[in-house]
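Colleague: Return a 3D structure for these sequence lines:
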Amino acid sequence: MTGILQKTVIFGALGVALSIIPTAGASASATSTSGQRELNDSCVEWDDYKGQVRVFYTPNGKYDVVDEIKYWLGAENNRDLGKKSNVRLRIRESLADRPDKTLWEWNSGDDIKPGWHSKDPYRQMEYKKRWHVDAKFVFDVGGIDPKCTATTGKA
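Modeller: Residues are numbered from 1 along each chain as shown. The predicted structure is shown next:
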């Protein structure tokens with residue numbers, strides 16, 4: 001099984017086996033450095049303006065190393081999207097019973113064109129911390145600019 005950590009434990013003389021496999025998006029850093037992982041999400045505003053975020057990270061010992069954040073924005077149904085959209089990317093620690101904590105943030109200028117783009121934050125996230133990435137998109141159109149936010153699952 002490529003990219004999935006599997007641990008099998010044998011109990012007693014009967015040979016009963018128990019397999020433990022992390023859920024999708026879960027990090028296996030504490031026990032393995034089994035290659036790059038991905039978190040992703042997308043959002044839609046007014047049914048025509050769409051944003052997508054893909055986060056690539058690598059478990060490394062007691063850290064998850066955030067290697068690259070790719071993001072895409074565009075429009076459908078013959079809608080025009082200008083060349084001055086805005087994007088905010090954040091790596092956030094997921095905290096119970098209180099607001100999430102921003103650990104890294106990047107805000108674009110007023111100059112993002114439609115299509116794919118990427119940032120390389122190269123941040124080390126302690127394995128014991130639950131974290132995710134959110135991307136806020138502000139689409140450059142005539143009149144009121146539509147907005148949406150994509151939030152990945154937690155690592």
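Colleague: In which helix or strand does F137 reside?
Modeller: F137 is located in strand 131-138, with elements delineated by DSSP states H and E.
Colleague: relative to strand 131-138, how tilted is the helix or strand following that strand?
Modeller: Using DSSP H and E, the helix or strand that follows strand 131-138 in sequence is strand 147-151. Note on geometry: by axes from the mean of the first three to the mean of the last three Cα atoms, to 10 degrees, strand 147-151 and strand 131-138 are set 170 degrees apart in direction.
Colleague: Just the buried positions in strand 147-151, please.
Modeller: Going by neighbour count (16 or more other Cβ atoms under 10 Å), the buried part of strand 147-151 is C148, A150, T151. C-betas here are computed from N, CA, C, even on glycine.
Colleague: which helices and strands sit right next to that strand?
Modeller: Under the contact criterion of 3 or more Cβ pairs under 8 Å, 6 or more residues apart in numbering; DSSP states H and E, the helices and strands touching strand 147-151 comprise strand 37-45, strand 49-60, strand 131-138.
Colleague: Paired strands for that strand, with orientation please.
Modeller: Looking at strand 147-151 with DSSP bridges, its paired strands and their directions are strand 131-138 (antiparallel).
Colleague: Can I get the strand it pairs with in PDB, CA atoms only?
Modeller: What follows is strand 131-138 as a C-alpha-only set of coordinates in PDB (Å, rounded to 0.1, in the frame of the first residue of the first chain):
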ATOM      1  CA  TRP A 131      -3.000  22.200  11.900                       C
ATOM      2  CA  HIS A 132      -4.700  23.200   8.600                       C
ATOM      3  CA  VAL A 133      -4.500  25.800   5.900                       C
ATOM      4  CA  ASP A 134      -7.100  28.300   4.700                       C
ATOM      5  CA  ALA A 135      -7.100  30.300   1.600                       C
ATOM      6  CA  LYS A 136      -9.300  33.400   1.200                       C
ATOM      7  CA  PHE A 137     -10.000  34.400  -2.400                       C
ATOM      8  CA  VAL A 138     -11.200  37.900  -3.500                       C
END
